[in-house]
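Chemist: predicted model and sequence below, questions to follow.
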Amino acid sequence: MPIEKTADTVNRMAPQLYTYRWDRQGRKGQTCRVTARGKFNSIRVEFEDGYVMITSGNSIRRAFPSPAIATGE
């Protein structure tokens, strides 16, 4: 049975943020999000400024929030 996507469930699902780890096109260390996954470990990532690229899934790592953000300070 498929899960119904209601407005409530969609709003609770925040996009996972990643950090781009490779030094390609001057993007190392920038935050991005994965918008598509393909074959052979290829992914489509979109950066905060709207720039989009196709890259390897090995090029990203999960971004963790800073302690100040996590504690609400």
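Modeler: That came through, no problem. Numbers count the residues shown, from 1 in each chain.
Chemist: and stretch 47-61, how far apart are its ends?
Modeler: 14 Å (Cα to Cα, to the nearest Å).
Chemist: that should have said stretch 45-59, apologies.
Modeler: 10 Å.
Chemist: hmm, who's touching it?
Modeler: Stretch 45-59 has contacts (Cβ atoms under 8 Å, 6 or more residues apart in numbering) with 18, 20-22, 24-25, 27, 30-35, 37-38, 41-44, 60. Where you see a C-beta, it was placed from the backbone N, CA and C, and this is true even at glycine.
Chemist: which among those residues end up buried?
Modeler: Buried by 16 or more other Cβ atoms under 10 Å: Y18, Y20, R27, Q30, C32, V34, I43, I60, out of the contacts of stretch 45-59.
Chemist: gap between the fourth one and F40?
Modeler: Taken as Cβ to Cβ, to the nearest Å, the spacing of Q30 relative to F40 amounts to 24 Å.
Chemist: give the helix, strand or coil label for the residue lying closest to S42 once chain neighbours are set aside.
Modeler: Leaving aside its chain neighbours, S42 sits nearest to I54 (5.9 Å; criterion: Cβ to Cβ, 6 or more residues apart in numbering). Classification of I54 by DSSP: H, G, I helix; E, B strand; the rest coil places it in strand.
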